[in-house]
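Trainee: what follows is a predicted protein model with its sequence.
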Amino acid sequence: MNEAGGNTYFSAVDVALTAVFSALWIVVNLTLGPLSFSLTGLPVLHAFGIFFTLLLVAWVTGRFGTSSMAGIIGTIFALLLGAPTLIVCFSASAVVFDVLMFANHHKIRITRNSLAITAIVTMASSYFAGVLLVLSGFVGGGLQFAVTFWGAWTLAGGILALAITLPVIIALEKAHVRKIKGDRD
């Protein structure tokens, strides 16, 4: 227990939910990733799926580390199932997302401040993923291509994830879904 009386360890529910979102991460990387690149040659759908997953795991658990774990565990299994190694860049962006969510105490709530911070964190993390994809050599192009074209298209996927996921989270909050899990905050 910490000073506020809350448990500092992951509950069995948090671990189970992280496993579910790790599985979603695998599915996204094995389906939306290749589909996005084959249809458009752009990372928009792939980034959408990644940040849809990260936003939901952050919302449902409200714990530091669960977004990183979903990304890292999901990436390991996706790689074992034949996903391209470029997904490591999205795994790195999951860690960045998780660290930046400290600004929001890892809680996504229906308040202007919380939603704004969540949006900024998602956009920064998705842009980071796009730039990292180019700089690591997975996508051809130089620094200028990374920070303008590819970073912008990956950011577009993050914005799409926000546009779809935040209304879903708001609806789930209004339906008191968090109380089903046992959260009281």
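Mentor: That came through fine. Because the structure is a prediction, the values reported are computed rather than measured.

Trainee: so what's the residue most central in space within the chain up against?
Mentor: Here the mean C-alpha position of the chain is nearest to the C-alpha of residue 54 (C-alpha atoms, centre = their mean), at a distance of 2.5 Å. For residue 54, the contacting residues are 67, 70, 71, 94, 97, 122, 125, by C-beta atoms under 8 Å, 6 or more residues apart in numbering. Any C-beta I mention is one placed from the backbone N, CA and C, and that applies to glycine too.

Trainee: these two touch, right, the first one and residue 101?
Mentor: By that I understand residue 67. Yes. Residue 67 lies in contact with residue 101 (C-beta atoms under 8 Å); the separation is 6.9 Å.

Trainee: looking at those two, which is more packed in?
Mentor: residue 67 (30 against 26; other C-beta atoms under 10 Å).

Trainee: quick check: that one vs residue 147, distance?
Mentor: Distance of residue 67 to residue 147, computed by C-beta to C-beta, to the nearest Å: 24 Å.

Trainee: same check, this time on residue 169
Mentor: From residue 169 across to residue 147, the span is 30 Å (C-beta to C-beta).

Trainee: what about residue 77, distance to residue 63?
Mentor: Here residue 77 is placed at a distance of 21 Å from residue 63 (C-beta to C-beta).

Trainee: so between these two, which is more surrounded?
Mentor: residue 63 (22 against 16).

Trainee: which residues touch the more buried one?
Mentor: Residues in contact with residue 63, defined by C-beta under 8 Å, 6+ apart, are 10, 14, 106.

Trainee: quick one: which of those has the most company?
Mentor: residue 14 (20 neighbours).

Trainee: residue 108 in helix, strand or coil?
Mentor: The three-state assignment at residue 108 reads coil, by DSSP: H, G, I helix; E, B strand; the rest coil.

Trainee: what's it in contact with, if anything?
Mentor: Contact analysis of residue 108 by C-beta under 8 Å, 6+ apart lists 55, 58, 59, 62, 114, 115, 118, 169.

Trainee: returning to what we had before: per-residue pLDDT of the residue nearest to the centre of the chain, please?
Mentor: Reading off the confidence values, residue 54 has pLDDT 96.

Trainee: that one and residue 23, how far apart?
Mentor: To residue 23, residue 54 is 14 Å away according to C-beta to C-beta.

Trainee: what do you get for residue 103?
Mentor: Taking C-beta to C-beta as the measure, residue 103 falls 28 Å from residue 23.

Trainee: ditto for residue 139
Mentor: 26 Å.

Trainee: the more surrounded of these two?
Mentor: More crowded of residue 139 and residue 23, by other C-beta under 10 Å: residue 139, with 20 against 15.

Trainee: how about the host helix or strand of residue 69: buried residues?
Mentor: Counting by DSSP states H and E, the element that carries residue 69 is helix 66-80. Buried residues in helix 66-80, counting neighbours by 16 or more other C-beta atoms under 10 Å, are found at 66-75, 77-79.
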